[in-house]
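> Return atomic coordinates for the entry below.
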Amino acid sequence: MASKADGGVSGEEIWLDGEFIPWDEANVHILTHTLHYGLGVFEGIRCYRTHDDRSAVFRLSEHMRRLYDSAKINFMDIPFEQAVLEEAATESLRRNGLAEGYVRPIAFIGDGAMGLHPGNNAIRVAVISWPWGKYLGEEGMERGISAKISTFSRHFVNSKMTNGKTCGDYVNSILAKREALLDGFDEAIMLDSTGLVSEATGENVFVVRDGVISTPERYSVLDGITRATLIELAKTEGYEVVERAVTRDDLYIADEIFLTGTAAEVTPIRSLDHRAIGAGRRGPVAEKLQAKYFDLVSGKLPGYEGWLSYL
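Numbers count the residues shown, from 1 in each chain. So this is what the prediction gives:
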């Protein structure tokens with residue numbers, strides 16, 4: 001298994017429609033409906049090397065359940081039981097020789113009918129795994145990253161149901177991310193249609209002020225699994241966590257801001273729109289919760305064994 005120099009990935013085998021096939025043979029037709037219209041659903045899942053030198057997938061069942069929820073929201077019937085995809089995920093890691101890695105299950109609409117209505121086109125399913133380090137960089141995890149408020153608004157709850165992790169929705173994220181990078185920032189924070197803080201391009205947002213942790217309410221954001229994990233960890237550490245409307249200026253005067261997500265894990269923001277956040281570096285709350293999170297995914301925290309699926 002090796003990552004390509006251009007940032008792509010390669011591996012040994014991919015699970016596609018019920019069987020493992022060689023990596024380079026996992027192809028689809030150019031008229032695949034999802035390629036043209038974007039209706040598909042996916043998940044991002046991480047496997048970690050644990051403290052006892054084993055490997056465990058973090059919250060595998062919760063991620064797969066959300067995949068099926070996303071499919072239901074989008075009128076898609078996945079033709080496999082959830083347990084089959086969970087086994088495909090762990091077996092994919094084994095077959096690709098990954099002690100740690102990222103797992104991407106995706107359900108998509110195959111070729112056949114074209115036009116907006118896919119007719120009876122088959123729902124196809126793949127599970128892919130590859131190595132993936134820190135999404136926003138090791139330095140970003142320690143020092144914090146720079147961000148900007150995006151000029152692109154996040155999806156409104158009734159223009160696109162926000163609990164579905166839908167392929168085409170991420171065009172919105174791509175535009176905001178590319179704009180941020182072109183403007184010299186690491187990431188973008190997006191506002192909803194009312195001007196309230198929603199989420200980053202692929203992460204949920206947390207704000208710390210006077211020891212209280214706030215995060216936008218779920219109606220306008222993806223119900224992140226890492227988000228839910230951090231809320232629980234923060235509460236066990238004695239922090240007050242409030243789900244509420246967060247304004248743009250709440251961010252500017254925050255003591256700390258940090259982002260959460262499967263790929264980003266727990267990443268602090270050191271500056272926003274050229275304003276230093278707090279001391280302009282990772283704050284103590286983010287640092288503490290980072291440490292707790294990595295203790296959790298590495299199997300060091302008792303009481304969370306059910307969240308770890310060992311290979």
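> quick one: secondary structure of the closest residue in space to residue 26 that isn't next to it in sequence?
Distance criterion CB to CB, 6 or more residues apart in numbering; nearest residue to residue 26, sequence neighbours excluded, is residue 14 at 4.0 Å. All C-beta atoms are positioned from the backbone trio N, CA, C, and that covers glycine. At residue 14 the chain is in strand, as set by DSSP: H, G, I helix; E, B strand; the rest coil.
> now residue 14: how far from residue 83?
For residue 14, the distance to residue 83 equals 19 Å [CB to CB, to the nearest Å].
> what about the two, which has more around it?
It is residue 14, of residue 14 and residue 83, that has more neighbours when counted by other CB atoms under 10 Å, with 23 against 10.
> Hmm, residue 28 and that one touching each other?
No. Using CB atoms under 8 Å, residue 14 makes no contact with residue 28, being 11.4 Å away.
> hang on, the earlier thing: the residue nearest to residue 26: what's it in contact with?
20, 21, 22, 23, 26, 92, 126, 127, 128 (CB atoms under 8 Å, 6 or more residues apart in numbering).
> ditto for residue 187
For residue 187, the contact set (CB under 8 Å, 6+ apart) comprises 136, 145, 146, 147, 148, 177, 180, 200, 201, 203, 259, 269.
> nearest residue to it other than its sequence neighbours?
Leaving aside its sequence neighbours, residue 187 sits nearest to residue 147 (CB to CB, 6+ apart; 4.6 Å).
> From the geometric centre of the chain, which residue sits farthest away?
Distance to the chain centre peaks in the chain at residue 113, reaching 31.1 Å (criterion: CA atoms, centre = their mean).
> so what's the backbone phi/psi at the closest residue to that residue other than its chain neighbours?
Leaving aside its sequence neighbours, residue 113 sits nearest to residue 119 (CB to CB, 6+ apart; 3.4 Å). Per-residue torsions, residue 119: phi 60, psi -130 (degrees, to the nearest 10).
> Number of residues surrounding residue 119?
Residues within reach of residue 119, counting by other CB under 10 Å, total 10.
> Residue 133 too?
By other CB under 10 Å, 10 other residues sit near residue 133.
> sorry, back to before: please report how far the residue nearest to residue 113 lies from residue 164.
From residue 119 to residue 164 the distance is 21 Å (CB to CB).
> repeat for residue 38
For residue 38 relative to residue 164 (CB to CB), the value is 12 Å.
> where's residue 286 relative to residue 221, distance?
According to CB to CB, residue 286 and residue 221 sit 19 Å apart.
> same deal with residue 155?
Going from residue 155 to residue 221 by CB to CB gives 10 Å.
> Please enumerate the shared neighbours of the two.
Shared contacts of residue 155 and residue 221 (CB under 8 Å, 6+ apart): residue 162.
> Of these two, which one has the most company?
Between residue 155 and residue 221, residue 221 has the larger neighbour count (other CB under 10 Å), namely 25 against 20.
> tell me which element the closest residue to that one other than its chain neighbours falls in.
The shortest distance from residue 221 to any non-neighbouring residue, by CB to CB, 6+ apart, is to residue 199 (4.6 Å). Using DSSP states H and E, residue 199 maps to strand 197-200.
> Next: residue 157.
Residue-wise, residue 157 maps onto no helix or strand under DSSP H and E.
> Let me know how buried it is, in neighbour terms.
By other CB under 10 Å, 16 other residues sit near residue 157.
> And for residue 127?
Quick note: residue 127 (other CB under 10 Å) scores 26 neighbours.
> In contact with it, which residues?
14, 15, 85, 88, 89, 92, 103, 104, 105, 106.
> how about JSON lines for those residues, with pLDDT, distance to residue 170 and secondary structure added?
Formatted as JSON lines, these follow (pLDDT from 0 to 100; distance: CB to CB, whole Å; DSSP: H, G, I helix; E, B strand; the rest coil):
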{"residue": "14", "pLDDT": "98", "distance to residue 170": "21", "secondary structure": "strand"}
{"residue": "15", "pLDDT": "98", "distance to residue 170": "22", "secondary structure": "strand"}
{"residue": "85", "pLDDT": "98", "distance to residue 170": "21", "secondary structure": "helix"}
{"residue": "88", "pLDDT": "98", "distance to residue 170": "23", "secondary structure": "helix"}
{"residue": "89", "pLDDT": "98", "distance to residue 170": "21", "secondary structure": "helix"}
{"residue": "92", "pLDDT": "97", "distance to residue 170": "22", "secondary structure": "helix"}
{"residue": "103", "pLDDT": "97", "distance to residue 170": "17", "secondary structure": "strand"}
{"residue": "104", "pLDDT": "98", "distance to residue 170": "13", "secondary structure": "strand"}
{"residue": "105", "pLDDT": "98", "distance to residue 170": "15", "secondary structure": "strand"}
{"residue": "106", "pLDDT": "98", "distance to residue 170": "12", "secondary structure": "strand"}
